[in-house]
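# generate a structure from the sequence data that follows.
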Amino acid sequence: MRIYLDNNATTKIDAEALELMVRCYTENYGNPNSLHRMGVEASNLLEDARRTFARLLRVPVESIFFTSSATESINWALRSAVRTRARLGKTLVIGEVEHSAVLNTAKDIAQTHGLTIKMVPVNKRGEYLMDELEKLLDDEVILVALMSANNETGTLQDLTTASRIVKKKSPSALFLVDAVQSFGKAPMDIEKWDPDFLVLSAHKFHGPKGVGVLYVKEDTPLVPMITGGGQERGMRSGTQNVPGIVGAAKAAENAMKLYAEAVERMRTHQHVIAEGVKRLGGVVITPLDNSLPNTVMISFPGIAGQHLVNALSAEGIYVSTHSACGSKKPSSHVLRAMKLDPLIERGAVRISTSRYTEDEEIKRFLEVLEEVTSLFRL
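This next block holds a predicted model:
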């Protein structure tokens, strides 16, 4: 039996989404920018997908742009913010536990433009410290970037409070929200968060890889990052990935249609896993009362996380130590920011389920986990 428990890295594609994509590749394969009938048909499919995302997010259709990934969307938003706000200040405020797409892009921009980065610290649960955020904000801040849910621990963030603080203390700053892990798994309230930019990634909610979504609030300045033929209303040139975008929209639609059932299922599995880990003498790092329903970060102090991942993989069970984008790094910046005991940090392993995860898979995972942890302790 192959058991996939690394859904925060990527997900199995939705069957309906895949079916629509195949149809786009084999029947409706015109260039959406061509004037003939097949081009118009492709363009209609593209715009239908844009309307779907606007409806699901409850935002104007003109605020939705399609990219190749969340990383591209983040780069576009951050670089636009700096180019349009640099005259107003010299400071970026970034969450200490952000994804590397935000952290490394911010570092590159800061170095290139002579800016200062201030980091928002977290507590031992991985939650942003709002009083510390407030201290970092002033008239020099031109952008604040925070995630809605952490990709490693699953910790949810209070972006309603964060947004209110940002708007009050740094009214000229642009606010970027990385909502990649939230969509389809946790409540998202764009009205209360009031972001200038918000980022999604299709392959995190059972859509295809290679499709990112960028929401840009009305009147937020946006600078084209890719120039050429003028696609995406002149903001992101290059022929659009119609099959991928259509598949992403269908996956998003189904994720929201199945939201309540999926969350209940994932939350049940999360608690079963957590109880099983505790019973085996492990530590649960994820704050279960304030987390994504599908994520459990655990640790068996004294057993290196990578060794546990490899042992489980040999049995056909796939988990990870931390973010897939940083999996080749020796440790997690997220866990370091949380200031955990070094033994707990070294042993950390992330389990992330999906709506496709079966009860029998969780049962088998815990059985194998007991076997391999017992062997390591001999």
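
# and the end-to-end length of stretch 1-19?
Counting by C-alpha to C-alpha, to the nearest Å, you get 26 Å between the two ends of stretch 1-19.

# ignore the last one, stretch 126-135
This stretch, stretch 126-135, spans 19 Å end to end (C-alpha to C-alpha).

# equivalent analysis for stretch 353-367, please.
One end of stretch 353-367 sits 17 Å from the other (C-alpha to C-alpha).

# run the chain-centre distance for it.
Distance of stretch 353-367 from its chain centroid, counting by C-alpha atoms, centre = their mean, to the nearest Å, is 22 Å.

# please name the residues that touch Glu41.
Residues near Glu41 by C-beta atoms under 8 Å, 6 or more residues apart in numbering: 28, 30. C-beta: built from backbone N, CA, C; applies to glycine.

# please, which helix or strand holds it?
Per DSSP states H and E: Glu41 is located in helix 37-57.

# helix or strand next in line after that helix, which one?
Counting by DSSP H and E, what follows helix 37-57 is strand 64-67.

# paired strands for that following strand, with orientation please.
Applying DSSP bridges, strand 64-67 is found paired with strand 212-216 (antiparallel).

# how many other residues sit next to the closest residue to Arg85 other than its chain neighbours?
Once flanking residues are discounted, Arg85 sits nearest to Ile142: 3.8 Å by C-beta to C-beta, 6 or more residues apart in numbering. The local packing of Ile142 (other C-beta atoms under 10 Å) involves 23 other residues.

# can you give me the distance of Ile142 to Glu232?
With distances taken as C-beta to C-beta, to the nearest Å, Ile142 is found 24 Å from Glu232.

# cool, and Met297?
37 Å.

# what angle sits between the helix holding Glu41 and strand 212-216?
For helix 37-57 against strand 212-216, the angle between stretch directions is 60 degrees (axes from the mean of the first three to the mean of the last three C-alpha atoms, to 10 degrees).

# could you number the chain from 54 rather than 1 from now on?
New numbering, starting at 54: the last item is helix 90-110.

# quick check: Val269 touching Phe250?
Yes: using C-beta atoms under 8 Å, Val269 is in contact with Phe250, at 6.0 Å.

# looking at the two, which is more packed in?
Per other C-beta under 10 Å, whichever of Val269 and Phe250 has more neighbours is Phe250, with 26 against 23.

# quick one: contacts for the more buried one?
Phe250 makes contact with 126, 130, 134, 227-230, 267-270, 273, according to C-beta under 8 Å, 6+ apart.

# from those, which land in strands?
Those of those mapping onto strands are 227-230, 267-269, per DSSP state E.

# list residues touching both of Val269 and Phe250?
Common contacts of Val269 and Phe250 (C-beta under 8 Å, 6+ apart): Ala130.

# that older thread, higher neighbour count, Met350 and Glu285?
Neighbours were counted for Met350 and for Glu285 using other C-beta under 10 Å; Met350 has more, 30 against 19.

# flag every buried residue along stretch 300-317.
300-309, 312, 315-316 (16 or more other C-beta atoms under 10 Å).

# ok now that stretch, how far from the chain's centre?
Here stretch 300-317 is found 16 Å from its chain centre; the criterion is C-alpha atoms, centre = their mean.
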